[in-house]
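K.L.:
Need a 3D model of the following:
(one chain, ligands or ions: 1)
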Amino acid sequence: MARERAQLSEISPLSNVESEPESFRREPKEPRENQDSVRRAHEIIELLDQRRGERHIVAIQNFPDPDAIASGLAHQMLAAHFDITVDIVYDGFISHQENLALVQLLQIELLHYDPKLDLGQYQASIFVDNQGTTTGLTGKLKEAGVQPLVIVDHHERQGLIEAPFTDLRKVGATATIYTEYLRYSPYSLEKNNQQHIRLATALMHAIRSETGGMIRAREADFKAAGYLTGFVDHSLLSEILNVKRSKRVIDVIKIALENRIVRDNYSIAGVGFVRYEDRDAIPQAADFLLTEENIHTAIVYGIIIKEGEREVIIGSLRTSKVTLNPDSFLKTALGKDNSGHFYGGGKYEAGGFEIPIGFLSGSLEEEFMRSKWKIYDAMVKRKLLEKIGVETIQAANRTANLQEWADE
Ligand SMILES: [Mn+2]
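P.N.:
Numbers count the residues shown, from 1 in each chain. From the prediction side, this is the model:
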């Protein structure tokens, strides 16, 4: 309330009675955001034009989601206008049924990273829907001497890598940004082109899935979806959306439901050990917990085991609470490791974390695994609950302050 009052006085008409009315000053030519979008579209086109004939690699996150896949495809098709060959590569798994359906139905070619792949053949690397922190390719590309050329993302700035063209925007999906590149460049979509229809369908699916079916969409996302709608193959889109959850995902959701604890509208669940291939069940379980009445934030985590590799705790946060910033919530709740990297981070309404298990890794002996889970479960839960406690107290104080203010 105090803030509202301050803002009202700032725009009080008394201070500028002489100036023109609002409607005259704001000419309807091109809104500022649009000018920026047009400028960015031209910049990336110019950059690609300078790199004609090259071979580039698009690095997407280890567990590619529709946004990463669609944005990778958009980049590939945009670059093709300049005879740039683009491989879209990921170093993990596509484990979500819906994503498998997306790739298969839309005939998208993704390369699963193989150590035999010669990274030296690429003249540049492109990071879409990530900034190098969620793909295992960053280090490998650096070792191979491949320089980042483009970073396009909608997550908070990570600062791990830099590229001559970097476009980080607070929008619902990276697909929204790529839709703008298409729309505001000379390479916009055409209705009778099958490839364009597939791309538009992938981008639409990405925007929808990143915004909870447009519920969390912002203006830019709606505009992008509005543009795409004329090109989308709606029957294909509903085929992708109607894919069912796998048995393993259902199992993890079941464990999450049984184990969840609810505090102050937060739902927290540790789900124990999860196979590497089923990692994507964790965010899906968090999505599911969020559907419970009165829950505004859900956090689900488990230990991922991958044969012969280090074990890590992977967690997902989903929130519908507008005042909760997942990035700062997880950063303050879980802190940093010895080398100063935060264990967690996020974007608007979603976040994740990764905590290496280190010394206790390895043994698959049952009793040992059970004790290990107990320790980590207790640690993570305690840190999250402490943070929620602080949040709750702060919220209570804010209400109290407002109350005082109102009482004055
Ligand atoms: Mn995304």
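K.L.:
Which pLDDT value does the model give residue 130?
P.N.:
Predicted confidence (pLDDT) for residue 130: 96.
K.L.:
Report the contact partners of it.
P.N.:
Residue 130 sits next to 59-61, 68, 153, 155 when contact means CB atoms under 8 Å, 6 or more residues apart in numbering. All C-beta spots, glycine's among them, are computed from the backbone N, C-alpha and C.
K.L.:
As TSV, those with distance to residue 347, secondary structure and neighbour count would be great.
P.N.:
What follows is those, written out as TSV (distance: CB to CB, whole Å; DSSP: H, G, I helix; E, B strand; the rest coil; neighbours: other CB atoms under 10 Å):
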residue	distance to residue 347	secondary structure	neighbour count
59	18	strand	31
60	16	coil	28
61	13	coil	22
68	13	helix	30
153	9	strand	25
155	4	coil	20
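K.L.:
Closest to residue 202 out of those?
P.N.:
residue 68 (10.7 Å; CB to CB).
K.L.:
my guess is the closest one contacts residue 174, does it?
P.N.:
Yes. Here residue 68 reaches residue 174: they are 7.3 Å apart, a contact under CB atoms under 8 Å.
K.L.:
overlap in contacts of the two?
P.N.:
Here residue 68 and residue 174 have 128-129 as joint contacts, going by CB under 8 Å, 6+ apart.
K.L.:
For the ion, tell me which of the contacts of residue 130 show up nearby.
P.N.:
Counting by CB under 5 Å from the ion, the subset of the contacts of residue 130 that neighbours the ion is empty.
K.L.:
Reformat the residues you listed as CSV; add distance to residue 384 and pLDDT.
P.N.:
Formatted as CSV, the contacts of residue 130 follow (distance: CB to CB, whole Å; pLDDT from 0 to 100):
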residue, distance to residue 384, pLDDT
59, 31, 98
60, 29, 97
61, 23, 94
68, 27, 97
153, 26, 97
155, 21, 92
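K.L.:
Excluding chain neighbours, what is closest to residue 49?
P.N.:
Nearest non-adjacent residue to residue 49, counting by CB to CB, 6 or more residues apart in numbering: residue 82, 5.7 Å away.
K.L.:
Could you verify that residue 88 is part of a strand?
P.N.:
Yes. Counting by DSSP: H, G, I helix; E, B strand; the rest coil, residue 88 is found in a strand.
K.L.:
For the closest residue in space to it that isn't next to it in sequence, which three-state class applies?
P.N.:
Once flanking residues are discounted, residue 88 sits nearest to residue 72: 4.0 Å by CB to CB, 6+ apart. Three-state assignment for residue 72 (three-state DSSP): helix.
K.L.:
pLDDT averaged over the helix ranked longest in the chain - what is it?
P.N.:
In the chain, with assignment by DSSP state H, the single longest helix is helix 366-407. Mean pLDDT, helix 366-407: 81.
K.L.:
Distance of whichever residue of the stretch 1-150 of the chain sits closest to the ion relative to residue 199?
P.N.:
Per CB to the ion, residue 67 is where the stretch 1-150 of the chain lies closest to the ion, at 3.4 Å. For residue 67, the distance to residue 199 equals 14 Å [CB to CB, to the nearest Å].
K.L.:
how about the residues of the stretch 101-250 of the chain near the ion?
P.N.:
Residues of the stretch 101-250 of the chain found near the ion (CB under 5 Å from the ion) are 129, 174.
K.L.:
The stretch 101-250 of the chain: strands as residue ranges?
P.N.:
111-112, 124-128, 148-153, 165-168 (DSSP state E, counting those that start in this stretch).
K.L.:
Output the last one as PDB, nothing but the C-alphas.
P.N.:
Which is strand 165-168. Provided in PDB are the C-alpha atoms of strand 165-168 (Å, rounded to 0.1, in the frame of the first residue of the first chain):
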ATOM      1  CA  PHE A 165      25.300 -12.400 -29.600                       C
ATOM      2  CA  THR A 166      23.500 -12.800 -26.200                       C
ATOM      3  CA  ASP A 167      19.800 -12.300 -25.900                       C
ATOM      4  CA  LEU A 168      18.500 -13.000 -22.400                       C
END
